[in-house]
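In: Got a sequence here, can you model it:
(one chain, ligands or ions: 2)
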Amino acid sequence: MPRSSSVSSKSAKTPAKPSAKPLPPKPSRARLAVVFGDQLDLDAAIIRSLAPDDTVLMMEVANESQYVPSHMQRTTLFLSAMRHFAAELIEQKIRVKYITLDDPKNTGAFETEIARACDALNPSEIVCTHPGEWRVMAMLERVRDSTGIPLRIMPDEHFFTTKEEFAAWAKGRNSLTMEFFYREQRRKTGYLMEGSGKSAKPTGDTWNFDKENRLPFGKQGPNPKPRIPSSFKIDEITREVLAAMKRVLPDLPGSIDSFAWPVTRKQALASLNDFIKYRLANFGAYEDAMWTGEPTLYHSILSSSLNMKLLNPRECCERAIESYESGNAPLQSVEAFVRQIIGWREFVRGVYWLEGPEYADRNGLEQQGKLPDFYWTAETDMACMKACVGQVLDTGYGHHIQRLMVTGNFALISGVHPRAVSDWYLGMFVDGVDWVTLPNALGMVMHADRRPNATKGVTGLVGTKPYAASGKYIERMSNYCANCKYKPGERSGPSACPVTVFYWDFLIRTREKLAQNQRMAMILKNVDRLTPQIQTQITIDANLLRKKLGVTPM
Ligand SMILES: Cc1cc2nc3c(=O)[nH]c(=O)nc-3n(C[C@H](O)[C@H](O)[C@H](O)COP(=O)(O)OP(=O)(O)OC[C@H]3O[C@@H](n4cnc5c(N)ncnc54)[C@H](O)[C@@H]3O)c2cc1C
Ligand code: SF4
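Out: Ligands and ions are numbered 1, 2, ... in the order given. Predicted structure coming up:
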């Protein structure tokens, strides 16, 4: 690492002669600019606002990898990217106080580290870009109150929509439908729009090409064969991070062996180029498909760089649109990619800030089960779960459908507590940050954010109905079932697919709650067609399976 645990771009002055009484700290007009690991944007308002005497504080604290167990690759990625970022600041002659993980004085938590820096530097003000979590916002306010030092929160310019704009859009609506939010985002950005003002219309006369997308690969598998995404060698800085982690955080889950994530803006840009050139064209058509041994397929794998702010969402969308305009990628793929970023990504952030900290405690389906052990080991005879969990342990990555329809679906239908599963997603994926993990895991996957809807009964806030699926869905969208001892179409007997058993059990045991949602009416009719004896047998089988897998009440 090119610096000590506390570094400055200015050379240290000769220390003053020690006096009998320690002098009070020198009053200072300089500010303390706190930069967290998910705020690594050299162009951010806070960095632009720095005066020569201001100090940037960056902290590697053990607590952030321990409050939910954090995958080795996730912690390594954050810490290495932070060290690279600090080095770039120092190169720009910015004063940086960097607290390394293994600094003997490191207290292990943001709150105590900021207080320690305030004691040492006596700043006139603490400044910070708006943090990405309620928890961190509350912590900054506590520091302000305990030190009496004013706190200034600067805008996070990374997003297209501020939390206030989202709240204004949401106000008075019966339901927050992502598609309507997305259309407003298209109009606002002008992305993939023809004409202007009221006569503006979506390119290709369609807002959403989902009907053309969502294709499976069929028996032959992915064609064209997905190119292996660009990967980045572990450098000296990352090696030093690994050494510090070995000393301070030796027991983190997951494997580090395949670590190849972008840790600098330059590498993140190379990753973006790689996606635009080699995978974007097939992104849309196959965004829901899965295949053994193909962890990334045509996905962008840009989420960690986006969430750490190494990439700006505008440049990602604009590069994709350029690719469409130059005839290198079809509209259906480019629209799908832009929708994920200006639609889903902004929508879930809006929901996170709109709903407040209580959102994390919702459990609308009243599920209480523990997360099965195989989420930490991949030791299971279910081929789909083995592939998707195994991949997460190896790389810290799974694409959206693996998260939603395999690991997420299983947790939903087997009855896992929403918080247990959302903590797993937060810690085990390299892109895990609370504002995006929580609405996806607790809302979209676990349907825990149910609320009355004036026209549709009781729906979820992020997803209008649960995405529950049987093994037949996994069979259609992947080749996992071909190599599995279970049969996706069977719901009883020795070859019964656990996903299918839990699917039917889920519909039976949550029937009353789901019946309040008009979009579930057709699906629940299938449950009513089962005889009471069959329903009882499914309940017995599912309870046995739950016991075997340890999905017992927390
Ligand atoms: C249970 C669950 C947990 C999730 N947790 C996270 C998380 O912690 N961090 C995270 O960034 N994403 C999360 N997602 C959303 C999504 O799965 C990932 O953003 C995506 O899989 C990342 O891979 P990619 O970069 O290859 O994305 P691509 O499939 O290439 O999509 C492009 C980009 O669109 C954005 N995006 C796509 N879908 C979503 C979505 N539903 N919500 C927000 N942004 C989206 C991401 O920035 C992504 O990089 C989660 C989804 C689920 C179902
Ligand atoms: S048969 Fe069932 S458990 Fe096996 S891979 Fe298919 S869905 Fe998964």
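In: how far does stretch 434-450 sit from the chain's center?
Out: Between the centre of stretch 434-450 and the centre of its chain there are 11 Å (C-alpha atoms, centre = their mean, to the nearest Å).
In: so how far is the first residue of it from its last?
Out: Start to finish, the residues bounding stretch 434-450 are 20 Å apart (C-alpha to C-alpha, to the nearest Å).
In: same deal with stretch 161-180?
Out: End to end - C-alpha to C-alpha - stretch 161-180 spans 14 Å.
In: when you give positions from now on, start the count at 48
Out: Fine by me, first position is 48 from now on; the one you just mentioned is stretch 208-227.
In: How about residues contacting that stretch?
Out: 202, 228, 231-232, 235, 254-255, 390-391, 393-394, 396-398, 400-401, 500-503, 506, 508-509, 511 (C-beta atoms under 8 Å, 6 or more residues apart in numbering). To be clear about C-beta, it is placed using only N, CA and C from the backbone, and glycine gets the same treatment.
In: run the last query once more with 6 Å
Out: Here stretch 208-227 makes contact (C-beta atoms under 6 Å, 6 or more residues apart in numbering) with 390, 393-394, 397, 400-401, 500-502.
In: Output those residues in CSV, with pLDDT and neighbour count appended to each entry.
Out: Formatted as CSV, the contacts of stretch 208-227 follow (pLDDT from 0 to 100; neighbours: other C-beta atoms under 10 Å):
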residue, pLDDT, neighbour count
Gly390, 98, 22
Glu393, 98, 20
Phe394, 98, 24
Gly397, 98, 24
Trp400, 97, 18
Leu401, 97, 17
Asn500, 86, 20
Ala501, 79, 8
Thr502, 83, 8
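In: Please convert these to JSON lines, extending it with secondary structure.
Out: Shown next, in JSON lines, are those (DSSP: H, G, I helix; E, B strand; the rest coil):
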{"residue": "Gly390", "secondary structure": "helix"}
{"residue": "Glu393", "secondary structure": "helix"}
{"residue": "Phe394", "secondary structure": "helix"}
{"residue": "Gly397", "secondary structure": "helix"}
{"residue": "Trp400", "secondary structure": "helix"}
{"residue": "Leu401", "secondary structure": "helix"}
{"residue": "Asn500", "secondary structure": "strand"}
{"residue": "Ala501", "secondary structure": "coil"}
{"residue": "Thr502", "secondary structure": "coil"}
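In: Run through the strands of the stretch 48-197 of the chain in chain order.
Out: Taking DSSP state E, counting those that start in this stretch as the test, the strands found in the stretch 48-197 of the chain are 78-81, 102-106, 142-146, 172-176.
In: Over to the stretch 498-601 of the chain?
Out: Under DSSP E, counting those that start in this stretch, the stretch 498-601 of the chain gives strands at 504-507.
In: Residue numbers of it in contact with ligand 2?
Out: Within the stretch 498-601 of the chain, the positions lying close to ligand 2 (C-beta under 6 Å from any ligand atom) are 518, 521-522, 527-528, 531, 533, 535, 544-546.
In: Adding neighbour count as columns, could you present the residues you listed in a markdown table?
Out: Below are those laid out as a markdown table (neighbours: other C-beta atoms under 10 Å):
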| residue | neighbour count |
| --- | --- |
| Gly518 | 27 |
| Ile521 | 28 |
| Glu522 | 21 |
| Tyr527 | 22 |
| Cys528 | 20 |
| Cys531 | 22 |
| Tyr533 | 20 |
| Pro535 | 22 |
| Cys544 | 24 |
| Pro545 | 24 |
| Val546 | 29 |
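In: Just the closest of those residues to ligand 1, please.
Out: Nearest to ligand 1 among those is Ile521, at 15.0 Å by C-beta to the nearest ligand atom.
In: Now for the nearest residue to the closest one once chain neighbours are set aside, how many residues are close by?
Out: Excluding its sequence neighbours, the residue lying closest to Ile521 (C-beta to C-beta, 6 or more residues apart in numbering) is Cys431, at 5.1 Å. Applying other C-beta atoms under 10 Å, we find 31 residues neighbouring Cys431.
In: residues touching Cys431, list them.
Out: Residues near Cys431 by C-beta under 6 Å, 6+ apart: 453, 521, 527.
In: Let's see that with 10 Å instead.
Out: With contacts defined as C-beta atoms under 10 Å, 6 or more residues apart in numbering, Cys431 is in contact with 337, 339, 449, 452-454, 456-457, 518, 521-522, 524-528, 530-531, 533, 535, 544-546.
In: these two touch, right, Leu262 and Met337?
Out: No. Counting by C-beta atoms under 10 Å, Leu262 sits too far from Met337 to count as a contact (12.0 Å).
In: so what sits against both of those two?
Out: With C-beta under 10 Å, 6+ apart as the test, Leu262 and Met337 both reach Met524.
In: Give me the more crowded residue out of the two.
Out: Met337 (25 against 14).
In: so that one makes contact with Ser525?
Out: Yes. Proximity of Met337 to Ser525 meets the contact threshold set by C-beta under 10 Å, at 3.7 Å.
In: Can you pull the residues that touch both of these two?
Out: 263-264, 431, 434-435, 448-449, 452-453.
In: which among those gets closest to Asp192?
Out: Relative to Asp192, the closest of the shared contacts of Met337 and Ser525 is Gln449; by C-beta to C-beta it sits at 42.9 Å.
In: ok, Ala367 - contacts?
Out: Ala367 makes contact with 238-239, 319, 322-323, 327, 330, 347, 375-376, 380-385, 388, according to C-beta under 10 Å, 6+ apart.
In: how about a cut-off of 6 Å?
Out: So Ala367 contacts 327, 381, 384 (C-beta under 6 Å, 6+ apart).
In: Quick one: mean pLDDT over the one helix or strand it maps to.
Out: Element membership for Ala367 (DSSP states H and E) is helix 360-372. Averaging pLDDT along helix 360-372 yields 98.
In: and it, is it in reach of ligand 1?
Out: No. Figure legend: helix 360-372 not in contact with ligand 1 (C-beta under 6 Å from any ligand atom); closest approach 7.4 Å.
In: What residues of that helix count as buried?
Out: 360, 363-364, 366-368, 370-371 (16 or more other C-beta atoms under 10 Å).
In: Kind regards, and thank you for your time.
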